[in-house]
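# heads up, no residue letters with this:
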C-alpha cells in the first residue's frame, strides 16, 4: 500500500470513529433525558422525599437544574443524602447492638407499622 492509500485508510478509520463517538453521545443523551424525566415525575409525587420535592420545586422555578443538583450545587443532593442517612441511623444502631441486618430491618418495619 502506498502513502496515499494508507492516508485514505486512516481517514476512513477516523471518520468511522467519529460516527461511533457521535452515536454514543446521542445514546447517552437519550438515556440521561429518560432518567431525568423519570426522576422529575417521581419528584413531583407525594411519595417522594421532601428534599427531592423541594429540589424539583426550585427546578420548576428556574432556580436550579437537575445537572446542578447532580453536580452537588445548591445543597439539594447533600440534604437528600443527609436525610436518607438519618433514616438509616436506627438500622445501623440495631446492627451495632448485635442484630443481623435482616433482624434490624424487620424490627424497624414492625415499629413503623405501629
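Sure, I can see it. Given the structure is predicted, the values throughout are model-derived calculations rather than measurements.

# low pLDDT regions in this structure?
Filtered on pLDDT under 70, the chain yields the residue ranges 1.

# Could you find the closest non-adjacent residue to the residue sitting nearest the centre point of it?
Nearest to the mean C-alpha position of the chain, counting by Cα atoms, centre = their mean, stands residue 70 at 7.0 Å. In space, not counting the residues next to it along the chain, residue 70 is nearest to residue 77; the distance is 6.9 Å by Cβ to Cβ, 6 or more residues apart in numbering. C-beta coordinates here come from the backbone N, C-alpha and C atoms, glycine included.

# got the contact list for the strand or helix carrying that neighbour?
Take DSSP states H and E as the rule and residue 77 turns out to sit in helix 76-96. Identification of contacts with helix 76-96 by Cβ atoms under 8 Å, 6 or more residues apart in numbering yields 49-52, 54-55, 58, 64, 69-70, 72, 101, 103-105, 107-108.

# Off-centre distance for the helix or strand just after that helix?
On the C-terminal side of helix 76-96, the closest following helix or strand by DSSP H and E is helix 101-113. Here helix 101-113 shows a centroid-to-chain-centroid distance of 27 Å under the convention Cα atoms, centre = their mean, to the nearest Å.

# tell me which residues of helix 101-113 are tucked away?
By neighbour count, and taking 16 or more other Cβ atoms under 10 Å as the criterion, the buried residues in helix 101-113 are 104, 108.

# Quick check: phi and psi at residue 61.
For residue 61, the backbone dihedrals are phi -80, psi -10 (criterion: degrees, to the nearest 10).

# and residue 48, helix, strand or coil?
When the structure is split into helix, strand and coil by DSSP: H, G, I helix; E, B strand; the rest coil, residue 48 lands in coil.
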